[in-house]
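S.K.: can you look at this prediction? I've put the sequence above it.
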Amino acid sequence: MRSGNQWFCALDIILWYPLSSSRMHLRQAVGSHTIARMGDPAYESLIRDATIDDVPAITDIYRDAVLNTVATFDTVPPTIESRTEWLQHHGGRFPVFVAVVDGQIAGWASLSEWSDRGAYAYTAESSVYVATSHRRQGIGATLLAAIEARARELNYHTIIARVVATNETSLRLVRAAGYDDAGLIREVGYKFGKWLDMCVLQLTLPCTPDSNARK
C-alpha cells in the first residue's frame with residue numbers, strides 16, 4: 001500500500017474524494033443508466049452500466065488495487081478471463097457501473113451478492129475502484145451516489161461496506177455517506193506482511209419486501 005495521502009480505501013475500494021460534497025451531485029437516474037456530473041462545468045462524467053467491452057479497463061484498475069493496496073484482500077492479479085466471468089455473474093440485482101471521462105474508463109463500481117441464503121435477498125455489498133490517473137476528481141463519490149440510487153431502485157434494504165480499520169479517511173467518507181458502524185472483525189486479513197482488521201458498516205434504505213425477491 002502506498003503511504004501518505006496517495007491512497008485510501010473504502011467499501012473494498014480505492015478512492016480519492018474531495019471532502020466537500022458540493023463538487024458533485026447526481027443529476028438524474030433514467031432506467032438502467034444513471035448519469036452523474038461533476039461540479040466543474042469543464043469536467044463531465046457519465047456513469048453507465050458496464051458492458052463486456054469495458055472488461056479490459058475494469059481489469060487494469062482492479063489489478064492495480066490488488067498489487068498495490070489493501071483496498072481489496074485479493075492477492076492474485078485478475079485476468080481478462082477472470083473479470084469477464086465476474087461480469088457475466090453480475091447484472092440485474094447485481095449491477096456493475098463504469099465512470100467514463102473523455103471517452104476513457106476512469107473507474108467502476110458494483111453491487112454484489114452478500115450471501116446466497118434467501119433471507120439476505122435485500123442485502124448487497126458495494127465496491128468502488130478509481131483509476132490512478134483520475135483520482136482526486138470526485139469520481140469515487142459519484143460512483144457511490146450511483147450505487148445508492150440503483151440500490152434504492154432495486155429495493156435493497158441494506159448495503160454493506162468493508163473498510164480496513166486503519167483507514168480513518170475512508171471511514172469518515174463512508175460514515176458521511178450515511179453508513180453506520182456495524183462491527184469490527186479483528187486480524188481477518190493478512191497482506192503486505194501485516195494482519196489487518198476490517199470495519200463493517202451498513203447503509204440502511206427504505207424497502208418493501210415482495211414476492212419478486214431473489215429467493
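M.R.: That came through fine.

S.K.: please make it C-alpha for all contacts and neighbour counts, starting now.
M.R.: OK.

S.K.: how many residues are close by residue 63?
M.R.: Neighbourhood size, residue 63 [other Cα atoms under 10 Å]: 19.

S.K.: in this structure it contacts residue 74, no?
M.R.: No: counting by Cα atoms under 8 Å, residue 63 does not reach residue 74; the two are 9.5 Å apart.

S.K.: buried set for the helix or strand that residue 87 is a member of?
M.R.: Per DSSP states H and E, residue 87 falls inside helix 80-88. Judged by neighbour count using 16 or more other Cα atoms under 10 Å, the buried positions of helix 80-88 are 83-84, 87.

S.K.: pick the one among these closest to residue 45.
M.R.: For those, the closest approach to residue 45 (Cα to Cα) belongs to residue 87, at 21.7 Å.

S.K.: can you give me every residue that contacts that closest one?
M.R.: By Cα atoms under 8 Å, 6 or more residues apart in numbering, the contact set of residue 87 is 52, 55, 96.

S.K.: low-confidence ranges, the chain, go.
M.R.: Applying pLDDT under 70 to the chain flags the ranges 1-44, 169, 211-215.

S.K.: now do 50
M.R.: 1-43, 215 (pLDDT under 50).

S.K.: restrict the contacts of residue 87 to the buried ones and give me that as a ChimeraX selection.
M.R.: Of the contacts of residue 87, the buried ones can be selected in ChimeraX as follows, counting by 16+ other Cα under 10 Å:
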select :55,96
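
S.K.: which ones among the contacts of residue 87 map onto helices?
M.R.: Using DSSP state H, the members of the contacts of residue 87 that fall within helices are residue 55.

S.K.: can you list the contacts of residue 87 in CSV and add distance to residue 46?
M.R.: Listed next are those as CSV, based on distance: Cα to Cα, whole Å:
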residue, distance to residue 46
52, 17
55, 17
96, 14
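
S.K.: I'd like to know how many residues surround residue 206.
M.R.: Look at residue 206: counted by other Cα under 10 Å, it has 10 neighbours.
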